[in-house]
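**Student:** got a sequence here, can you model it:
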Amino acid sequence: MAGSRTRVFFIAVVIITIAVVKHFRLDAYVMDTLMPDLVLHDRRPSAFLVYLHLWYRLAGRRAPVRASHQDIVDATGLSKSAVQGAIRTLTRRRLLRAARDGATAVPEYTVLRPWRK
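**Tutor:** Numbering: from 1, shown residues only. Now for the predicted structure:
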């Protein structure tokens, strides 16, 4: 096939993404009082991080959020034992309510804000 011309076609695929930014409000109390209390006094920065993560997941919702320990691990970068300890700390301090339908069910979390009346 000497002398034949080869045609080359280029197909350009353009993907346009629009970044969706989720905003949520955080009470000043969380940064001014709760963070120093959990991080400095209790030495539980993981509890503060889990609290912020769950607050963010609940932003704008009325219903509790379902999240497994692995979901929280993946989102925060903490170890599973750190997440479990953080949830125990937050529950004991009445900053978080955890409920399960059964022993092996994924828990539902409600972030509590006892400073708000």
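**Student:** which residues does residue 55 contact?
**Tutor:** Residue 55 is in contact with 24, 26, 30, 111, counting by CB atoms under 8 Å, 6 or more residues apart in numbering. C-beta coordinates here come from the backbone N, C-alpha and C atoms, glycine included.
**Student:** the bottom helix or strand of the protein by mean pLDDT?
**Tutor:** Lowest by mean pLDDT, DSSP states H and E among the helices and strands of the chain is helix 28-29, with a mean of 88.
**Student:** what's that helix in contact with?
**Tutor:** For helix 28-29, contacts defined as CB under 8 Å, 6+ apart pick out 113, 115.
**Student:** then stretch 69-83?
**Tutor:** Identification of contacts with stretch 69-83 by CB under 8 Å, 6+ apart yields 46, 49, 50, 53, 54, 84, 86, 87.
**Student:** what's the average pLDDT for stretch 104-117?
**Tutor:** Taken as a whole, stretch 104-117 has an average pLDDT of 88.
**Student:** which parts of that stretch are buried?
**Tutor:** Buried residues in stretch 104-117, counted by 16 or more other CB atoms under 10 Å: 107, 109, 111.
**Student:** what do you get for stretch 22-31?
**Tutor:** So for stretch 22-31, counting by 16+ other CB under 10 Å, buried means residue 30.
**Student:** now the helices for the protein?
**Tutor:** Secondary structure of the chain (DSSP state H): helices at 28-29, 35, 45-58, 69-76, 80-92.
**Student:** distance of residue 38 from residue 51?
**Tutor:** 7 Å (CB to CB, to the nearest Å).
**Student:** and of the helices of the chain, who's closest to residue 101?
**Tutor:** Residue 101 lies closest to helix 69-76 among those, at 16.0 Å (CB to CB).
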